[in-house]
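Enquirer: With the sequence up front, the predicted model follows.
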Amino acid sequence: MSNNNEETDRDLSRANTRVREQRREDAEREWRKNPIKQFEELKRKELTSKDIDNIIQNIRRFESFLLDEIAPETDAEVEGVRDVVRDDISVFRDDVLKPDTDLSNSTIAGILGMLNQFYNVLDQYNAIVGNPVDVPLDEFRDNHDLEADRPHIPFDRMETFLNWLTLPFSRAFWLAGIKHGTRMSEAINLDLRCLHIDHPIFYEIVDNHDVRIDPRVRDRPDTMLIYEAFNKGAEIPNDDTPGPETEGEIRDKAQGNKRSEEGGSVLPIDSEFKTALIDWLMSRPPTYKQTVNPLFVSDGHTTAERLGDHSIRKRLWQVDYYIDSVQNFSREETIEECPTCGGSVIEENLSSGKETGRRFRCRNCRQNHWRSIYWAKGLNTEQKMGFHVARHYFTNLHDPQKDKLHNGAIPDKVRKKRIRGDSEEDADTEDGTYKDKNYENYDTDVR
């Protein structure tokens, strides 16, 4: 009877009950009272600790500018980030970020993108109306070159590098980046359970290791899974990442995964990548004693275990350890004379200009011969052949304006959001927010 009385006491002409409106008002009030704290708590659930710390650091930097520089110069009582107007963002951009010689154009755009994301969320939670960052960010993008600071490597030179690799581990690991734009940490965190390779050798290996293939790829042959976002120190598998009923593995070998797509990224394995993976699996040391079997493991004399950031970098770049390190490739790529006319050449390690990186310029015919730069201390990022180059290389080579890989081009929605695993927010990509779901069909659009 009491329930019925309560129901009749309700104002049925209202779309929202008073209780629901009160609860929403309380939540909105907290967002208005502590916007940065609320934003951080929300994003801690979605991003790695490193990423959210970076975003909060830049928001705090802007907050300090607002209180220390803007507030004293205005008659209004500016007390926090909710008191911002569009002109404040423009002044912050022009007087603080642009004069900072340590910041590239793409980094400045990234910082503005973080503020853009912050104010978008505040707008969603009714803590502020509109977004003061959108126009200043668009203006900056329109007027500045935002090309990533990565070395220029022509398509045929990347083919030469991949064909030069001889060790199964190196080829499989590099292709994990080049094929999908995968980050190093995401490749390190791959497990055997993340793969479904339609090949008898793979099936034999997973059976011998008693691996239960992840349900997201179990019925999809020649497919791999990259785990959704988690922080370093997380246990995998967990409730969100199904796996064995036994205890999982604490991930401490990399920085975690940044994949923003809910449920992780399910990606195709083409014939070239498949061959490389099978070659590696045939030589991969067994991990029978592991609870969760990592894909990329050490090959030393001790028990095989998941390789970490330091071990990967040593293996793929350091000269003295492995024959197909980037630095060995760089040594072999050095030329003493022009392949075109036989004239003498000048080696240049370019850190500025439209095309950066390593090239040999002929004194006679002026022909440029591009090579992959090696990883060495003292060189700028845009001169180094780091693993993250593969991620940018994937993006650029599959650009709609490029046609070297296939007749069609992968649409941006697939290329960046679906395959690279970028955020749908504005802070992780170079060309805006992905709002539509037109390219979500795996077999027709992704594979």
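Expert: Looks like it arrived, so ask away.
Enquirer: What is the three-state secondary structure of the nearest residue to Glu30 once chain neighbours are set aside?
Expert: Leaving aside its chain neighbours, Glu30 sits nearest to Gln38 (6.1 Å; criterion: C-beta to C-beta, 6 or more residues apart in numbering). In short, each C-beta sits where N, CA and C put it, glycine included. What DSSP: H, G, I helix; E, B strand; the rest coil gives for Gln38 is helix.
Enquirer: Gln38: neighbour count?
Expert: Gln38: 18 surrounding residues under other C-beta atoms under 10 Å.
Enquirer: residues touching it, list them.
Expert: Glu30, Trp31, Tyr125, Ala127 (C-beta atoms under 8 Å, 6 or more residues apart in numbering).
Enquirer: For PyMOL, what selects the buried ones among the residues you listed?
Expert: What follows is the PyMOL syntax selecting those of the contacts of Gln38 that are buried according to 16 or more other C-beta atoms under 10 Å:
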select buried, resi 31+125+127
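Enquirer: And the residue nearest to Glu30, how close does it get to Thr48?
Expert: For Gln38, the distance to Thr48 equals 19 Å [C-beta to C-beta, to the nearest Å].
Enquirer: what residue ranges in the stretch 201-350 of the chain score low on pLDDT?
Expert: 238-246, 300-302 (pLDDT under 70).
Enquirer: what about 90?
Expert: Along the stretch 201-350 of the chain, the parts satisfying pLDDT under 90 run over 212, 228-265, 288-292, 298-305, 309-310, 313-314, 318-322, 327, 330-333, 348-350.
Enquirer: what about the strands in it?
Expert: For the stretch 201-350 of the chain, the strands defined by DSSP state E, counting those that start in this stretch occupy 223-226, 230-231, 235-236, 249-250, 256-257, 265-268, 345-350.
Enquirer: List the pairing partners of the fourth one within its sheet, with orientation.
Expert: This points to strand 249-250. Strand 249-250 sits in its sheet next to strand 235-236 (antiparallel), going by DSSP bridges.
Enquirer: List of residues touching the partner strand?
Expert: Outside strand 235-236, the residues within contact range by C-beta under 8 Å, 6+ apart are Asn189, Asp191, Tyr227, Phe230, Gly243, Glu247, Gly248, Glu249, Ile250, Arg251, Val292.
Enquirer: now that strand: how far from the chain's centre is it?
Expert: Offset of strand 235-236 from its chain centre (C-alpha atoms, centre = their mean, to the nearest Å): 20 Å.
Enquirer: could I get the strands of the stretch 201-350 of the chain as TSV with distance to Val96 and mean neighbour count?
Expert: TSV is the format used below for those (distance: least, C-beta to C-beta, whole Å; neighbours: other C-beta atoms under 10 Å):
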stretch	distance to Val96	mean neighbour count
strand 223-226	36	24
strand 230-231	30	18
strand 235-236	40	18
strand 249-250	40	15
strand 256-257	30	26
strand 265-268	36	21
strand 345-350	29	15
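Enquirer: Dump those into TSV; add distance to Glu337 as well.
Expert: Formatted as TSV, these follow (distance: least, C-beta to C-beta, whole Å):
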stretch	distance to Glu337
strand 223-226	44
strand 230-231	51
strand 235-236	52
strand 249-250	52
strand 256-257	46
strand 265-268	43
strand 345-350	6
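Enquirer: report the longest helix in the protein, please.
Expert: Longest helix of the chain, by residue count under DSSP state H: helix 105-124.
Enquirer: coming back round to it: now, which of the contacts of strand 235-236 sits nearest Asn120?
Expert: Of all those, Phe230 has the smallest distance to Asn120: 23.5 Å, by C-beta to C-beta.
Enquirer: Just list the residues touching the closest one, thanks.
Expert: Residues near Phe230 by C-beta under 8 Å, 6+ apart: Thr48, Ile236, Thr241, Arg251, Gly256, Asn257.
Enquirer: likewise Ile128?
Expert: Pro35, Arg82, Tyr119, Leu122.
Enquirer: Could you pick out the buried ones from those residues?
Expert: Here the buried ones among the contacts of Ile128, as counted with 16+ other C-beta under 10 Å, turn out to be Pro35, Tyr119, Leu122.
Enquirer: Look up how far Val389 lies from the second one.
Expert: Distance of Tyr119 to Val389, given as C-beta to C-beta: 32 Å.
Enquirer: ditto for Val211
Expert: 32 Å.
Enquirer: the more surrounded of these two?
Expert: Remark: of Val211 and Val389, Val389 carries more neighbours, 24 against 21, as counted by other C-beta under 10 Å.
Enquirer: on that earlier part again, buried residues in the longest helix of the chain?
Expert: 105, 108-122.
Enquirer: of the residues you listed, closest to Ala304?
Expert: Looking across the buried residues of helix 105-124 and measuring by C-beta to C-beta, the closest to Ala304 is Gly110, at 37.9 Å.
Enquirer: how far away is the closest one from Gln124?
Expert: 21 Å.
Enquirer: Kindly report the same for Phe202.
Expert: Counting by C-beta to C-beta - Phe202 and Gln124 are separated by 44 Å.
Enquirer: How about Thr356: what's its closest non-neighbour residue?
Expert: Using C-beta to C-beta, 6+ apart, the nearest residue to Thr356 is Glu382, at 4.1 Å.
Enquirer: The one you found - how many residues pack around it?
Expert: 22.
Enquirer: That one - that's part of a strand, no?
Expert: No - the assignment for Glu382 is helix, going by three-state DSSP, so no strand is present there.
Enquirer: Check the contact between it and Gly357; I expect there is one.
Expert: Yes - if you go by C-beta atoms under 8 Å, Glu382 and Gly357 touch, sitting 6.9 Å apart.
Enquirer: Overlap in contacts, those two.
Expert: Common neighbours of Glu382 and Gly357 (C-beta under 8 Å, 6+ apart) are Arg150, Pro151, Leu350.
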